[in-house]
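[1] Structure of the sequence below:
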Amino acid sequence: MFPKIILENFKKYNFDTNENLYEIYNVNFSKLEKFYSKVDPFYIELITQEIENVLNSDLVADNLHWLNIMRKVAHSLVEVPLISLDVYENSTNKENRNEKFTAVLLHDIGHFKQYMITKKFRDNEVKHGEIGSQILLDTINQAPDKNMVTSYAKAITEHSLVKVEATNPMVYELIYFIRDCDKLAMFLSWERHQKGVFLENRNNLNLLEESYSDNVLSTFKNHKAIDYKYLKTKSDYLISLIAYTFDYYDDSCIKIMKDQKLLEPILELLKSQLKNEKQFLEINSIINKYINNLLVFKN
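    Residues are numbered from 1 along each chain as shown. As a prediction, the model looks like this:
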């Protein structure tokens, strides 16, 4: 399914839980095959080429860079495709399956070139959505479905924006399918490696502050996703992850989250982070009431 260099790196990469990416790939091979059979080989080749480029670069000689790159490879080629099948199969909207799967596979394609430029996966001066969009547009004359390339490019540009500007129904649908699958994949891989990413990056936040910021709490109470610019403490960051729940487009995601107890590890970490138990109980109450009320309403 993938080039030799990618599979070789799969075999080398162990998650924080000592799970091997290649083993996860093999265990889920039939499921992944189902996903990739719905994506044109042109687009599979496009993203694997971008990954090969970074894996063939001098960056991988540094183990920390290699680990960062492989986390993103795991997310893009294995974790998001797997959860996208669950989202699609649990959704009442069965339209545009192949287009949704293609968009979700390509959503982070710009991250690999971004890392080669900045040695980071952060959207500061260099935005991965914009890079990914341009990669797509540069292939428009070779693409099997030229009319869809602009839709994929637009969806890739906007999938990580706080405010979606797209008005085209197809693009809008692709953006929110990407966002739903992206967030769920993060929750599913929390114990596997996202928790490790959080712990590694905690020095970027205020270690002395044990509470949360007023802006973060007020946004959370209003059931809104939280802009990263408001994050000042570790608790803010964890609450922003929990607040992803408010931003799901397809209600099947809420059911998947509840059934698989995906929020529990993050809530447990938040509980240990907040020294004031009342603060934790308030956050916990808000999110559980939101989920339960939504599921009751939909049923």
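[2] In the chain, what helix or strand scores lowest on average pLDDT?
    helix 195-201 (a mean of 58; mean pLDDT, DSSP states H and E).
[3] and the residue lying closest to Thr118 once chain neighbours are set aside, how many neighbours?
    Among residues not flanking Thr118 along the chain, Val126 sits closest, at 5.4 Å (Cβ to Cβ, 6 or more residues apart in numbering). C-beta: built from backbone N, CA, C; applies to glycine. By other Cβ atoms under 10 Å, the residues close to Val126 number 15.
[4] Let's verify Val126: helix, strand, or coil?
    Following DSSP: H, G, I helix; E, B strand; the rest coil, Val126 is assigned to coil.
[5] That one: what's it in contact with?
    Residues in contact with Val126 (Cβ atoms under 8 Å, 6 or more residues apart in numbering) are Gln114, Ile117, Thr118.
[6] Repeat that for Lys100.
    Contacts of Lys100 by Cβ under 8 Å, 6+ apart are Ser84, Tyr88, Glu173, Leu174, Phe177.
[7] Okay, and it sits in which element?
    Assigned by DSSP states H and E, Lys100 belongs to helix 97-106.
[8] Could you name the helices and strands sitting against the following helix or strand past that helix?
    Toward the C-terminal end, the helix or strand that comes next after helix 97-106 (DSSP H and E) is helix 109-118. For helix 109-118, the contact count by 3 or more Cβ pairs under 8 Å, 6 or more residues apart in numbering; DSSP states H and E identifies helix 41-55, helix 63-74, helix 128-137 as packing neighbours.
[9] ok, back up a step: just the contacts of Lys100: which are in helices?
    Within the contacts of Lys100, residues falling in helices by DSSP state H are Ser84, Tyr88, Glu173, Leu174, Phe177.
[10] sorry, back to before: quick one: which of the contacts of Lys100 is nearest to Pro144?
    Leu174 (16.9 Å; Cβ to Cβ).
[11] could you measure the closest one against Glu95, distance?
    According to Cβ to Cβ, to the nearest Å, Leu174 and Glu95 sit 11 Å apart.
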